[in-house]
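1. Build the 3D model from these lines:
(one chain, ligands or ions: 1)
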Amino acid sequence: MIEDSETRTEGRFSKIFDVCIIGSGPAGITLARRLGAQGLSVGLFEAGDLVATTDSQELYKGTVVGQPYFDLDSTRLRFFGGSSNHWGGWTHPLDSYDFVPNASNPLSGWPITKNDLRPYAAEADKILDLPRYENPPDFFPVQQNSLVARFFRFSRPTTRFGEKFHDELQVSRNIEVFYNANLVDLRLDADKHAVSQAVFRSYKRDDPFTVKARTFALCLGGLENPRALLNFTNDIPVGLGNENDLVGRYFLEHLHASLGRLVVRKPMTWMLVYGPTTQMMKDTQTLNFGMRIGDPDQWNDGEFTGEMKQEPACALDFDTILRAEMAGEEPACPAHVGEAFIVAEQQLNPNNRVKLGGGRDRFGQRPMELDWSLSDTDYRTLKTCAVETGSLLAQYDVGRLKIVDWLLKGEKPTLDQLAGGNHHMGTTRMSDDPKTGVVDRNVKVHSLDNLYIGGSSVFSTAGHANPTYTITQLALRLGDHLIERLKA
Ligand SMILES: Cc1cc2nc3c(=O)[nH]c(=O)nc-3n(C[C@H](O)[C@H](O)[C@H](O)COP(=O)(O)OP(=O)(O)OC[C@H]3O[C@@H](n4cnc5c(N)ncnc54)[C@H](O)[C@@H]3O)c2cc1C
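-> Reported below is the predicted structural model:
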């Protein structure tokens, strides 16, 4: 059942749900379906409408300080389905070594391993409409010690969670969805060890409504999860789960930057992606990355599957194509000319964080201030990747790369030169130790018995992989944990 909370009647929320999930993006909807399928009663509460509205979207406004970043109300969507309404569908699981500490990234590593997520891969593939894995294309003639080829899969047609699961949720017997329901507080029980009720507001009415449940799951997205916890100060003045001043800290993005234009000897028939070997990361004291080689105009098309178009056919020799590219001419042979584009892991930094700014929104919540910067290790990762790629291309004579000036000169990049990927991670990170993480290995807030967190804010370390695949696996895993706990 899907219901507009504006039309709620007196006593509508008198029942006690097994699980109250707040936020209907990939994390919230995946968790709800997993729990509903096992007979648990679920209330799924969404701040926005079934379609985008200005009333809801403007509540995502905030301020950015530090490294230039996207406007906070354009880097996510606040309605049914969340940011899956405009995600690009790029997917990759985390690498097994992302879960292990990297000496160049203090505090890195997860309390769980890739094996803990593996059981959820097949279901995540289904949910995200992914094709089967294939061997990654590679243009180096032999296996070298620095770069390994990777295969990216694309969600096609791109899974829009709200659209895809609307009808199933509409007829669900166990899941009740309420939209136009803005979470404005979580109240604790008398001993302050558990959440007893969630408080919501809709847009057209002044009266709040409260919802009771045995368990609560916050799935508001990687920026909004910490903002909400920091705002909820009625019972714990420093904010929920924030006893160790960690909520909002360790914000992570994936650094997206063009490393330069390249010309390759053999035409590209498929987008190439390379990551570093663990040996390379160790030797150069750098972090993980995925370097994409191809034509961004093609891969930014919403229907891109990895295949590069081969038009027009080309009979020119390599040197002529290279000279034309060096002279800045239109490529006569597009399949030989492309861009090396890095998507890099970022180092953990407690000062990269979501904080609360001044003023209040229409529901009395303080707005977000996002403070973001790059470390020396971040820059070293970008530059090492560029130089290593350029060297290998020349060494094996498979192509040539012209590295961008700002990177070689060590200049601070503009937002056009380096951006994030709208991937908001790390702000309620997972750790076994409450002094280094907000949630435990079951994504339960350390200091509260029944508050769980879904989404990429729980990532302990970012790796290079786009986050939604891992978010989906984690939501399925959380579902299984709650089923076991609540049915016990
Ligand atoms: C332009 C763009 C392209 C992207 N491309 C990719 C990609 O190719 N691959 C990839 O892996 N990822 C991509 N992402 C990121 C991806 O969209 C997110 O990782 C994913 O949507 C996060 O899922 P989520 O459920 O954690 O959060 P969200 O999708 O943000 O959902 C959170 C939900 O919570 C609701 N909510 C917020 N506040 C409240 C409140 N107070 N009360 C009640 N409800 C609330 C919101 O309305 C929303 O529905 C992209 C993002 C953008 C913006």
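
2. just for the chain, where's the confidence low?
-> Low-confidence segments of the chain (pLDDT under 70): 311-313.

3. one more time with 90, if that's ok
-> Residues of the chain that meet the criterion pLDDT under 90 lie in 67, 139-144, 266-267, 269, 309-316, 325-328, 330-335, 488.

4. Around the ligand, which positions in it sit nearby?
-> Within the chain, the residues that sit near the ligand (CB under 6 Å from any ligand atom) are 22-28, 45-48, 75-76, 78-79, 82-84, 86-91, 182-183, 219-221, 224, 228, 422-423, 455-456, 466-468, 471. (Each C-beta comes from the backbone N, C-alpha and C, glycine too.)

5. Now do the contacts for the one residue in the stretch 101-250 of the chain that gets nearest to the ligand.
-> Nearest to the ligand in the stretch 101-250 of the chain, going by CB to the nearest ligand atom, is residue 221, at a distance of 2.9 Å. By CB atoms under 8 Å, 6 or more residues apart in numbering, the contact set of residue 221 is 23, 25, 76, 82-83, 424, 455, 457.

6. Separate out the buried members of these.
-> Neighbour counting by 16 or more other CB atoms under 10 Å classes 23, 25, 76, 82-83, 424, 455, 457 among the contacts of residue 221 as buried.

7. just the residues you listed now: which is nearest residue 330?
-> Closest approach to residue 330 among those (CB to CB): residue 83, at 35.6 Å.

8. for the closest one, what are its contacts?
-> When contacts are counted by CB under 8 Å, 6+ apart, residue 83 touches 25, 76-77, 221, 422.

9. One more pass at 7 Å, please.
-> Contacts for residue 83 (CB atoms under 7 Å, 6 or more residues apart in numbering) come out as 25, 76-77, 221.

10. Then residue 144?
-> For residue 144, the contacting residues are residue 392, by CB under 7 Å, 6+ apart.

11. What ranges does the protein have for its helices?
-> For the chain, applying DSSP state H gives helices covering 26-37, 54-57, 114-117, 121-127, 161-170, 224-231, 278-284, 296-299, 318-326, 376-395, 405-409, 468-487.

12. possible to save these as TSV with distance to residue 95?
-> Listed next are the helices of the chain as TSV, based on distance: least, CB to CB, whole Å:
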stretch	distance to residue 95
helix 26-37	21
helix 54-57	35
helix 114-117	8
helix 121-127	14
helix 161-170	25
helix 224-231	24
helix 278-284	9
helix 296-299	21
helix 318-326	33
helix 376-395	15
helix 405-409	24
helix 468-487	11
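
13. Can you go through the residues of the chain next to the ligand and name the buried ones?
-> The neighbour-count test (16+ other CB under 10 Å) marks 22-28, 45-48, 75-76, 78-79, 82-84, 87-91, 182-183, 219-221, 224, 228, 422-423, 455-456, 466-468, 471 as buried among the residues of the chain next to the ligand.

14. if I pick residue 417, what's in contact with it?
-> 257, 406.

15. likewise the one 4 residues further on?
-> With CB under 7 Å, 6+ apart as the criterion, the residues that contact residue 421 are 253-254, 256, 343, 466.

16. do residue 339 as well
-> Contacts for residue 339 were tallied using CB under 7 Å, 6+ apart; they are 258, 261-262, 296.

17. if you set the cut-off to 6 Å instead, what comes out?
-> Shown in contact with residue 339 (CB atoms under 6 Å, 6 or more residues apart in numbering): 258, 261, 296.

18. hmm, which of these are the buried ones?
-> Counted by 16+ other CB under 10 Å, these give 258, 261 as buried.

19. between the contacts of residue 339, which is closest to residue 393?
-> Distance to residue 393, by CB to CB, is smallest for residue 261 among the contacts of residue 339, at 11.9 Å.

20. surely that closest one meets residue 400?
-> No. At 9.3 Å, residue 261 does not count as touching residue 400 under the criterion of CB atoms under 6 Å.

21. Send me stretch 303-311 as CSV with only the CA atoms.
-> Coordinates of each C-alpha in stretch 303-311 appear next as CSV, following Å, rounded to 0.1, in the frame of the first residue of the first chain:
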residue,chain,number,x,y,z
GLU,A,303,22.1,3.7,-22.6
PHE,A,304,25.9,3.0,-22.7
THR,A,305,26.7,-0.6,-22.1
GLY,A,306,30.5,-0.5,-22.4
GLU,A,307,30.7,-0.9,-26.2
MET,A,308,32.4,1.9,-28.0
LYS,A,309,31.1,3.0,-31.4
GLN,A,310,33.5,2.5,-34.3
GLU,A,311,32.5,5.4,-36.6
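
22. Which of the residues in it are classified as buried?
-> Buried residues in stretch 303-311, counted by 16+ other CB under 10 Å: 304, 306, 308.

23. Likewise for stretch 153-168?
-> Neighbour-count burial for stretch 153-168 flags 153-156, 158-162, 164-166 (criterion: 16+ other CB under 10 Å).

24. Kindly report the same for stretch 91-99.
-> The neighbour-count check on stretch 91-99 (16+ other CB under 10 Å) flags 91-95, 97-99 as buried.

25. Also stretch 173-189?
-> 174-186, 188.

26. Repeat that for stretch 349-356.
-> 349, 352-356.

27. Can you give me the end-to-end span of it?
-> By CA to CA, to the nearest Å, the extent of stretch 349-356 from end to end equals 18 Å.

28. Show me what that stretch is in contact with.
-> Stretch 349-356 is contacted by residues 223, 226-227, 230, 248-249, 251, 366, 368-372, 375, 427 when judged by CB under 6 Å, 6+ apart.

29. From the residues you listed, which land in strands?
-> Judged by DSSP state E, those include 368-372 as members of strands.

30. So which of those residues wins on neighbours?
-> Sorting the ones in strands among the contacts of stretch 349-356 by how many neighbours each has (other CB atoms under 10 Å) puts residue 370 first, at 26 neighbours.

31. related to what we said a few turns ago, any chance of the contacts of residue 339 in CSV, plus distance to residue 412?
-> Shown next, in CSV, are these (distance: CB to CB, whole Å):
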residue, distance to residue 412
258, 16
261, 21
296, 22
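
32. Closest one to residue 488 out of the contacts of residue 339, please.
-> Residue 488 lies nearest to residue 296 out of the contacts of residue 339, by CB to CB, at 50.4 Å.

33. C-alpha coordinates for stretch 104-122, CSV please?
-> These are the backbone C-alpha positions of stretch 104-122, laid out as CSV (Å, rounded to 0.1, in the frame of the first residue of the first chain):
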residue,chain,number,x,y,z
SER,A,104,48.7,5.0,3.2
ASN,A,105,45.2,5.5,4.5
PRO,A,106,45.2,5.5,8.3
LEU,A,107,42.0,4.0,9.8
SER,A,108,41.2,2.3,6.5
GLY,A,109,39.6,-1.2,6.2
TRP,A,110,36.3,-2.6,7.2
PRO,A,111,35.3,-4.8,10.1
ILE,A,112,33.7,-7.1,7.6
THR,A,113,35.2,-8.7,4.4
LYS,A,114,34.1,-9.1,0.9
ASN,A,115,32.9,-12.6,1.8
ASP,A,116,30.3,-11.1,4.0
LEU,A,117,28.8,-9.3,1.0
ARG,A,118,29.3,-12.1,-1.6
PRO,A,119,26.1,-14.0,-0.7
TYR,A,120,24.1,-10.9,-1.7
ALA,A,121,25.7,-10.4,-5.1
ALA,A,122,23.2,-12.5,-7.2
